[in-house]
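Chemist: got a sequence here, can you build the structure:
(one chain, ligands or ions: 1)
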Amino acid sequence: MNFSADVFLNHLAQTTPLPYGIAVERAEGVYLYAPDGKRYMDLISGIAVSNIGHRHPAVITRIKEQLDKHLHVMVYGEFIQSTPNLLAARLTSLLPETLNCCYFVNSGTEANEGALKLAKRYTGRTEIISCKKSYHGSTHGSLSVSGNEIKKSAFRPLLPDVRFIEFNKPDDLKHISERTACVIMETIQGDAGVRVPTKAYLQAVRKRCDETGALLILDEIQCGMGRTGTLFAFEQFGIVPDILTLAKAFGGGLPIGTFVADKKIMQCLTHDPPLGHITTFGGNPVCCASALATLEVIQQENLLQVVDEKGKLIEHLLQHPTIKEIRRIGLMFAIDFETAEQVNRIVSLAKEEGVICYWFLSHPNSFRIAPPLTITTEEIQEACAAILRAIEKSLH
Ligand code: PMP
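Modeler: Numbers count the residues shown, from 1 in each chain. Below you'll find the model as predicted:
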């Protein structure tokens, strides 16, 4: 084994001057274990990935079964493979009937890249409308439609013809027009610090897209897969997107994303030009096995029923006079404080207490909590007590 900080810092590309930096030897359920025996509670699920906990036994079994059959055999879209078939059948059976065709890719940003290309190709239009403070990924297309200017300016020129509107502001919907290929938005804005729109707003977005012929892409890469208490967050708003993007928790711990649409939309990627969107590893059978097991676990363990109850318990336990606001939907939390400095102190003191909380990309005054949906009442109590100790110590 090699847990050398020197190798990590010098031979693995770094993304931040201050990496969180704990060493992980193994992970199980809500826990991560360091080589020195220290145990951490992962209250962020590897950033909204481990929704059914780390190494769920059903996931491990399905992966092992697939390992014994075959790994990669061909690029996406050419060979008939059982596991991607099973996953596509299962996923589309859980979605409204217009979301009946899945394109499997390798990550969240790729799912959005595919969705944006599909919308441009299907409508023959070029304008893309996105929301301020959104996050859709780090590759050029997804970055172009993400709202955080500080993260973008060094990489210009980016995609042309992208226009930003204010999230949850009905007035701005007038900018969606017959020129618009698509509107892309997170159903719940995640990295802006958990922003939940009103039902009326999302319904107005849907209506405006219908009036203008623009496609609605909902990015549920962070808020999907049960995180908000329904399998997909859009279910709570009485609308259906034209294209849905998923990744993160979809793979149960392995890298896979997908964009899902109606077959009549999706089929335009096969002609003019043929091979309009291709990927070598998309739909990798081992990743599909893990995603299939994840969907099965969420259903078989009735995880969705308890999400809101667990969320309410955390909200009830986390009371402290220095908390300015808690924004929550299901088990997706932003906890606001007066200053970013206090948030930094709390995150590092919580680490000492053995609980992993984390920052948001675009909202420095809060930290996030997004525990596995499988977290138990006792684990919630233990974690919240540790966070409260960290908040208290941050004041001294
Ligand atoms: N969309 C949303 C809403 C996200 O939260 C993320 C990741 N934080 C992405 C897209 C990008 O996903 P990935 O990191 O897998 O490319």
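Chemist: where along the protein do the helices fall?
Modeler: 5-11, 45-48, 57-67, 82-93, 108-123, 140-144, 149-152, 199-212, 263-266, 285-300, 304-317, 340-352, 377-393 (DSSP state H).
Chemist: quick one, which of those is nearest to Pro255?
Modeler: Relative to Pro255, the nearest member of these by C-beta to C-beta is helix 285-300, separated by 6.1 Å. Backbone N, C-alpha and C define where each C-beta goes, glycine included.
Chemist: next, the angle from that closest one to helix 304-317.
Modeler: Relative orientation of helix 285-300 versus helix 304-317 (axes from the mean of the first three to the mean of the last three C-alpha atoms, to 10 degrees): 80 degrees.
Chemist: circling back to that earlier point, so which of the helices of the chain is the most packed in?
Modeler: Counting by mean count of other C-beta atoms under 10 Å, helix 108-123 has the highest mean neighbour count of those, with a mean of 24.
Chemist: quick one: mean pLDDT for the longest strand along the chain?
Modeler: Using DSSP state E to define each element, the chain has its longest strand at strand 180-186. Mean pLDDT, strand 180-186: 98.
Chemist: next one: stretch 19-37
Modeler: Summarised as a single mean, pLDDT over stretch 19-37 is 97.
Chemist: now the longest strand of the chain, how far from the chain's geometric center?
Modeler: Distance, stretch centre to chain centre, for strand 180-186: 17 Å (C-alpha atoms, centre = their mean, to the nearest Å).
Chemist: quick one: contacts of that strand?
Modeler: Strand 180-186 is contacted from outside by 112, 115-116, 119-120, 122-131, 134-136, 145, 167, 176, 205, 208-209, 212, 214-223, 242-243, using C-beta atoms under 8 Å, 6 or more residues apart in numbering.
Chemist: at 7 Å instead, please
Modeler: 112, 116, 119-120, 123, 125-131, 134, 136, 145, 167, 176, 205, 209, 212, 214-219, 222-223 (C-beta atoms under 7 Å, 6 or more residues apart in numbering).
Chemist: confidence score at the spatially closest residue to Tyr76 that is not a sequence neighbour?
Modeler: Spatial nearest neighbour of Tyr76, excluding adjacent residues (C-beta to C-beta, 6 or more residues apart in numbering): Gly282 at 3.9 Å. If you check Gly282, the pLDDT there is 98.
Chemist: hmm, back to that, relative orientation of the longest strand of the chain and helix 108-123 in degrees?
Modeler: Relative orientation of strand 180-186 and helix 108-123, computed by the same axes, to 10 degrees: 150 degrees.
Chemist: re earlier: right, and the residue nearest to Tyr76 touches Asn106 too?
Modeler: Yes - applying C-beta atoms under 7 Å, one finds Gly282 in contact with Asn106, separated by 6.0 Å.
Chemist: higher neighbour count, these two?
Modeler: Neighbours per residue (other C-beta atoms under 10 Å) separate Gly282 from Asn106, with Gly282 holding more: 24 against 21.
Chemist: can you tell me how far the residue in the stretch 101-250 of the chain that the ligand sits nearest to is from Gly224?
Modeler: The stretch 101-250 of the chain approaches the ligand most closely through Gly108 (2.2 Å), counting by C-beta to the nearest ligand atom. Shown here: Gly108 relative to Gly224, a distance of 10 Å by C-beta to C-beta, to the nearest Å.
Chemist: get me the contact residues on this structure for the ligand.
Modeler: With C-beta under 6 Å from any ligand atom as the criterion, the chain comes near the ligand at residues 107-109, 112, 135-137, 186, 190-191, 219, 221-222, 247.
Chemist: now rank these by neighbours and give me the top one.
Modeler: Asp219 (32 neighbours).
Chemist: I'd guessed that residue sits against Leu246; true?
Modeler: No - with contact defined as C-beta under 7 Å, Asp219 does not reach Leu246; the gap is 8.8 Å.
Chemist: that older thread, next up, the contacts around the residue of the stretch 101-250 of the chain closest to the ligand.
Modeler: By C-beta under 7 Å, 6+ apart, Gly108 lies in contact with 137, 221, 247-248, 257.
Chemist: next one: Asp262
Modeler: Contact analysis of Asp262 by C-beta under 7 Å, 6+ apart lists 98, 100-101.
Chemist: same thing but 6 Å
Modeler: Going by C-beta atoms under 6 Å, 6 or more residues apart in numbering, Asp262 touches Thr98.
Chemist: same check, this time on Ile369
Modeler: When contacts are counted by C-beta under 6 Å, 6+ apart, Ile369 touches 43, 333.
Chemist: hmm, who's touching the least confident helix or strand in the chain by mean pLDDT?
Modeler: Within the chain, no helix or strand scores below helix 149-152, which has a mean of 93 by mean pLDDT, DSSP states H and E. Around helix 149-152, the neighbours that count as contacts under C-beta under 6 Å, 6+ apart are Leu143.
Chemist: again, only using 8 Å
Modeler: Under the criterion C-beta under 8 Å, 6+ apart, residues 143-144, 146, 158, 361 lie in contact with helix 149-152.
Chemist: can you check the pLDDT for the residue nearest the centre of the chain?
Modeler: For the chain, the residue nearest the mean C-alpha position is Gln222 (1.9 Å; C-alpha atoms, centre = their mean). For Gln222, the pLDDT comes out at 98.
Chemist: can you check Ile356 too?
Modeler: The model reports Ile356 with a pLDDT of 98.
Chemist: so for Val347, what's the pLDDT?
Modeler: 98.
Chemist: shouldn't it be in contact with Phe360?
Modeler: No - assessed by C-beta atoms under 8 Å, Val347 is found out of contact with Phe360, at 11.1 Å.
Chemist: overlap in contacts of these two?
Modeler: Counting by C-beta under 8 Å, 6+ apart, the contacts common to Val347 and Phe360 are Phe367.
Chemist: mind listing the residues bridging to the residue in the stretch 251-396 of the chain that the ligand sits nearest to?
Modeler: Minimum separation of the stretch 251-396 of the chain from the ligand (C-beta to the nearest ligand atom) falls at Gly257, amounting to 6.3 Å. Applying DSSP bridges to Gly257 gives these bridge partners: Val105.
Chemist: if I look at it, how far off is Leu246?
Modeler: Separation of Gly257 from Leu246 (C-beta to C-beta) stands at 6 Å.
Chemist: shared neighbours of the two, which are they?
Modeler: 111, 221.
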